[in-house]
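1. Model the following, please.
(one chain, ligands or ions: 1)
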Amino acid sequence: MAISPSTEKAGAILEVDLAALAANYEILKQRAAGAECAAVVKADAYGLGADRVGPVLAAAGCRTFFAAHLSEGIALRQALGGQASIYILNGILPGTEGDFRAHDLRPVLNSLAQLDLWQGAAALHLDTGMNRLGLSPDDAAALAAAPERLGNIDLRFVVSHLACADEAGHKMNELQRRLFDRLRAALPAKPASLGNSSGIFLGSDYHYDLVRPGVALYGGNPMPGAANPMREVVRLRGRIIQLREIDTPQSVGYGATHRATGPRRIATVPVGYADGYLRSLSGQGMGRLAGVSVPIVGRVSMDLITLDVTEAPIEAAQAGALVDLIGGGGEGVDDVAARAGTIGYEILTSLGRRYHRRYLGAETTQDE
Ligand SMILES: *Cc1c(COP(=O)(O)O)cnc(C)c1O
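-> Here you go, the predicted model:
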């Protein structure tokens, strides 16, 4: 694989493996058995670039996409061209009907008011326990009593969203599924969609006609606690730009939170919280250099982290060397998230804009 000059010069390199992304789509499609497999590409495809991710998924056979904002849908339509169906999870705001039409976007209708606003193809969201978006059970009953309110709607899907799908044994899952069935039964029969990434792994009862994975496409583990069935999509590496030998009683970084307890070799890497390398990884994060775990010592600052590379082979721990921070030989997105006290979703969607991005595994590797 040719390394472009910009990759060689970059202080931090984010690689997105598009072949792994396509493989993950295939894995999820197989798991969902007969159901159609859509793709959730909100938040710029969980930080990976919806304009690159969307076309790869479309080429892998995905025909239905979900974005959150109207603006995301417009950008996605430009990236995908005319073929795919694009749904907007956040619904439709008064005055935006023309934008939906101009870009051939479909709202996920979240309220009776939105239903009255729209004419054309749409999904209908029934709230079965999130209490966030969608028709409440009372709204759904009102709609069932006045089905003419659906008169102008070309209803493609009735959808709901699981609150606890990542906990397979959680009683909410079945409660939501049953409520979904009960609410749907009072409405005109339409294709249904309930499962997100984790929902696919709850079994065929949760698949219905369409599944809506997001995070698992991007390599996140849809079954926390079990082995991750997904392929790794993201690799982040940072370059050592300076090395410092320190000894007691010196300290490292802001707040002098880390104190050397003997002779240590400290590597500075230009990745910081401004890049989405969360400050909560201070003293918690772990890099990997030449097969050796190298801990983040001291605080994560805006543009820099410091790692104790004393245990790595000296010939590897040199200025210019690349340290794995996410993926590659190092810890995966979910491991990094656990260290940061968050979830893989936040690590992905926080990935910074300053990284040199490389998209691997498409026809040709492309640097951006
Ligand atoms: C974000 C989202 C999804 C995808 O969830 P993952 O857990 O990332 O698979 C599916 N459906 C809705 C309504 C969402 O908001």
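2. and the closest residue to Glu15 other than its chain neighbours, how many neighbours?
-> Ranked by Cβ to Cβ, 6 or more residues apart in numbering and with sequence neighbours excluded, the top spatial neighbour of Glu15 is Arg235, at 4.4 Å. Any C-beta I mention is one placed from the backbone N, CA and C, and that applies to glycine too. Residues lying near Arg235 (other Cβ atoms under 10 Å) number 22.
3. Would you map the helices across this structure?
-> Taking DSSP state H as the criterion, the chain contains helices spanning 5-9, 18-31, 42-46, 50-59, 70-80, 97-102, 112-117, 137-145, 171-185, 197-200, 333-340, 344-350.
4. The ones you listed: lowest mean pLDDT?
-> Among the helices of the chain, helix 5-9 has the lowest mean pLDDT, at a mean of 81.
5. What separates the first and last residues of stretch 55-74, distance-wise?
-> Taking Cα to Cα, to the nearest Å, stretch 55-74 runs 14 Å from one end to the other.
6. wait, what's in contact with the nearest residue to Leu80 once chain neighbours are set aside?
-> Distance criterion Cβ to Cβ, 6+ apart; nearest residue to Leu80, sequence neighbours excluded, is Gly54 at 5.2 Å. For Gly54, the contact set (Cβ atoms under 8 Å, 6 or more residues apart in numbering) comprises 39, 41, 45, 65, 76, 79-80, 84.
7. Surely His103 and Ala79 touch.
-> No - His103 is beyond contact range of Ala79, at 11.6 Å (criterion: Cβ atoms under 8 Å).
8. got the contact list for the nearest residue to Ala59 once chain neighbours are set aside?
-> Leaving aside its sequence neighbours, Ala59 sits nearest to Ala22 (Cβ to Cβ, 6+ apart; 7.3 Å). Applying Cβ under 8 Å, 6+ apart to Ala22 gives the contacts 56-57, 59-60, 361.
9. What of Ser251?
-> With contact set as Cβ under 8 Å, 6+ apart, Ser251 has these partners: 257-260, 298.
10. run the last query once more with 6 Å
-> By Cβ atoms under 6 Å, 6 or more residues apart in numbering, the contact set of Ser251 is 258-259.
11. same thing with Thr96?
-> Leu70.
12. how close does it sit to Leu105?
-> 9 Å (Cβ to Cβ, to the nearest Å).
13. can you list the residues of the stretch 101-250 of the chain near the ligand?
-> By Cβ under 6 Å from any ligand atom, the residues of the stretch 101-250 of the chain that approach the ligand are 161, 196-198, 212-216.
14. which one of those has the most neighbours?
-> For those, the largest neighbour count, defined by other Cβ under 10 Å, is 29 neighbours, found at Pro213.
15. can you pull the contacts of the closest residue to the ligand within the stretch 1-150 of the chain?
-> Closest approach of the stretch 1-150 of the chain to the ligand (Cβ to the nearest ligand atom) occurs at Val40, with a separation of 3.9 Å. Applying Cβ under 6 Å, 6+ apart to Val40 gives the contacts 66, 212, 214.
16. quick one: pLDDT of Pro191?
-> For Pro191, the pLDDT comes out at 98.
17. looking at it, it is touching Asp209, isn't it?
-> Yes - using Cβ atoms under 6 Å, Pro191 is in contact with Asp209, at 3.8 Å.
18. Based on its surroundings, how many neighbours for Met286?
-> Met286, neighbours per other Cβ under 10 Å, totals 17.
19. which non-adjacent residue is nearest Ile74?
-> Per Cβ to Cβ, 6+ apart, closest to Ile74 is His103, 4.9 Å.
20. how near is that neighbour to Ser85?
-> Per Cβ to Cβ, His103 is found 12 Å from Ser85.
21. Let's see the pLDDT reported for the residue in the stretch 101-250 of the chain that the ligand sits nearest to.
-> As assessed by Cβ to the nearest ligand atom, the ligand sits closest to Gly214 within the stretch 101-250 of the chain, at 2.6 Å. In this model, Gly214 is scored at 98, pLDDT.
22. ok, the residue lying closest to it once chain neighbours are set aside to Leu48 distance?
-> Setting aside the residues directly before and after it, Gly214 is nearest to Val40 in space (Cβ to Cβ, 6+ apart), at 3.5 Å. Val40 is 12 Å from Leu48, where distance means Cβ to Cβ.
23. now swap in Ala20 and tell me
-> Between Ala20 and Leu48 the computed distance is 11 Å (Cβ to Cβ).
24. which of those two has more neighbours?
-> Just comparing Ala20 and Leu48: by other Cβ under 10 Å the higher neighbour count belongs to Leu48, 25 against 21.
25. ok, now which ones touch the spatially most central residue of the chain?
-> Most central in the chain under Cα atoms, centre = their mean is Tyr46, positioned 3.3 Å from the mean C-alpha point. Contacts for Tyr46 (Cβ under 6 Å, 6+ apart) come out as 218, 348-349.
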